[in-house]
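In: Here is the input, now give the coordinates:
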Amino acid sequence: MRKIFILIVLIAFNTIYPQSLFIPDNGGAARVSSLGQNPYITDPENMRNNPAWGSYYRNMVGINYGIQPNSGQHIGANIGCGDVFTIGAFYNRNSSGGIYPLTIDNLNVLHIDENKNYSNYEIFTSAAITPAITLGGGFALADIADYDVNKKKYGLNLGAIIKVQENIIIDAAANMNLPYSFDYNTDKIEISRSSYNLRVFYLQSPKLTLVSQINHNKFNEDYTTDEYKTNIYIDYTEIKAGLIYKNDLALLSGGVGYSIVGTNNHLSADYAVINIGAELYISKFFIPRIGYDGKYFTKTNPFQQWSNIDLGAGINIYKFQLDGFYSYDFKHKETSKYNGVYLSLSYKN
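Out: Residues are numbered from 1 along each chain as shown. Down below sits the predicted model:
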């Protein structure tokens, strides 16, 4: 009887305190994109939104390279400094937002003056304060060549990963692009942006994790000429819910979401989103992936929608991983113009 009682307690204990959240050693923008622009999974790409993830990816170097216009190229490194701290840096060229549209290492994500040459630089750090609390912070600078005059923009971000209890983990980040301006003859445009992201992982079992997410983003633009001045204020909120299911053979992750976009306090668009992806562990050297990401506008823009099928694969050799990604837009019957082809190379010691 006593043995039966102990067995019941152990089963209950494993239900309440399952295994740790799955955090892969390698990855990048190509992996995330090939899994349906997946916002639910964990990946080194998460460091670009929340620098606190740096503590989970110590001693790592990564390169992302997009072939399509404005798809972005960047290289980053994150090095452990003792048992508590890490320090890292990103360099971006013609950056693109990916699943994180307002990360501070992508200060020109709106592609203002997209025909100009520009570079983005970011430094960040993370600290594992306790086994349950990890904090991070970063600073970014964008340098844009505009008519022989260098325009500079600055950004800040803060992040935290908090283990509320063994089966509940919170991922919170704030990204702020500080006000900057562009001058066109007598016209002047001043812009500021910010985003706030919250994910909650609920480890339901050793194989199943439920994920909820909320994003709130703000754009503020002041436009001034010799004759008038106007303001455009845009904010949008995304609410998503999904899951991660992983066993020895595969990982399946996906979910649905709903977004509301407002302009000057008036509804300008709302839409539903779907992100689904799977990767198969055929061998430890080769990992094929497939994904789907779709956006479906409602009455505000009933004809503006797209649905992309995403394909990719990862090749893992020693501590290196090369990931590739290709996307096809079924709505327009062409290769997706956004990150149509993407490659990521990562190394983790």
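In: What average pLDDT does stretch 327-339 get?
Out: When pLDDT is averaged along stretch 327-339, the result is 68.
In: and what of stretch 285-295?
Out: Mean predicted confidence for stretch 285-295 is 93.
In: buried ones in that stretch?
Out: Of the residues in stretch 285-295, 287, 289-295 count as buried by neighbour count, 16 or more other Cβ atoms under 10 Å. Yep, even glycine has a C-beta here, placed from its N, CA and C like the rest.
In: and that stretch, how far out from the chain's middle?
Out: From the chain centre to the centre of stretch 285-295 is a distance of 16 Å (Cα atoms, centre = their mean, to the nearest Å).
In: Quick one: low-confidence residue ranges for the stretch 51-200 of the chain.
Out: 68-71, 94-118, 144-151, 182-186 (pLDDT under 70).
In: what's the answer for the stretch 201-349 of the chain, then?
Out: In the stretch 201-349 of the chain, residues with pLDDT under 70: 299-304, 332-340.
In: So which elements touch the strand or helix carrying D323?
Out: Per DSSP states H and E, D323 falls inside strand 320-329. Secondary structure elements in contact with strand 320-329, counted by 3 or more Cβ pairs under 8 Å, 6 or more residues apart in numbering; DSSP states H and E, are helix 29-34, strand 305-317, strand 334-335, strand 341-348.
In: Serialize the ones you listed to CSV and add fields for mean neighbour count.
Out: As requested, the helices and strands packed on strand 320-329 are exported to CSV (neighbours: other Cβ atoms under 10 Å):
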stretch, mean neighbour count
helix 29-34, 31
strand 305-317, 18
strand 334-335, 12
strand 341-348, 22
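In: so the strand holding D323 versus strand 305-317, what angle?
Out: Going by axes from the mean of the first three to the mean of the last three Cα atoms, to 10 degrees, strand 320-329 is angled at 160 degrees with respect to strand 305-317.
In: Within the sheet, what are the partner strands of strand 320-329, with directions?
Out: Applying DSSP bridges to the sheet, strand 320-329 is found paired with strand 305-317 (antiparallel), strand 334-335 (antiparallel), strand 341-348 (antiparallel).
In: can you list those strands in a markdown table and add distance to V32?
Out: As requested, those are exported to a markdown table (distance: least, Cβ to Cβ, whole Å):
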| stretch | distance to V32 |
| --- | --- |
| strand 305-317 | 10 |
| strand 334-335 | 18 |
| strand 341-348 | 9 |
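In: Minimum distance to N78: which of those strands has it?
Out: Among the strands paired with strand 320-329, strand 341-348 comes nearest to N78, with 9.3 Å by Cβ to Cβ.
In: Contacts for the closest one, please.
Out: With Cβ atoms under 8 Å, 6 or more residues apart in numbering as the test, strand 341-348 has contacts from 25-31, 33, 44, 57, 59-68, 71, 319-327, 335.
In: Nearest spatial neighbour of N247, chain-adjacent residues omitted?
Out: In this structure, N247 finds its nearest non-sequential neighbour in K207, 5.5 Å apart by Cβ to Cβ, 6 or more residues apart in numbering.
In: same thing with G54?
Out: Leaving aside its chain neighbours, G54 sits nearest to S126 (3.5 Å; criterion: Cβ to Cβ, 6+ apart).
In: Give me the spatial nearest neighbour of D83, chain neighbours excluded.
Out: Spatial nearest neighbour of D83, excluding adjacent residues (Cβ to Cβ, 6+ apart): A128 at 7.7 Å.
In: ok, how many other residues are close to the one you found?
Out: Residues lying near A128 (other Cβ atoms under 10 Å) number 20.
In: What helix or strand is it located in?
Out: Counting by DSSP H and E, A128 is part of strand 118-130.
In: Would you pull up how far that strand lies from the middle of the chain?
Out: That offset, for strand 118-130, works out to 15 Å (Cα atoms, centre = their mean).
In: Following element in sequence after it, please.
Out: strand 133-146.
In: ok, D270 - contacts?
Out: Per Cβ under 8 Å, 6+ apart, neighbours of D270: 258-261, 297-298, 300.
In: got the buried residues for the one helix or strand it maps to?
Out: Secondary structure assignment for D270, by DSSP H and E: strand 266-280. Within strand 266-280, the residues that qualify as buried are 269-271, 273-279, counting by 16+ other Cβ under 10 Å.
In: of these, closest to N49?
Out: Distances from N49 to those, taken as Cβ to Cβ, are shortest for N275 (15.5 Å).
In: So for K152, what's the nearest residue that isn't a sequence neighbour?
Out: K152 sits nearest to D143 (Cβ to Cβ, 6+ apart), 5.8 Å away.
In: re earlier: could I have the buried ones of the contacts of strand 341-348 as PyMOL selection syntax?
Out: Only the buried entries of these go into this PyMOL selection, using 16+ other Cβ under 10 Å:
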select buried, resi 26+27+28+29+30+31+33+44+57+60+61+62+63+64+65+66+68+71+321+322+323+324+325+326+327
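In: Bridged to A140, which residues?
Out: Applying DSSP bridges, one finds that A140 bridges with E122, G155.
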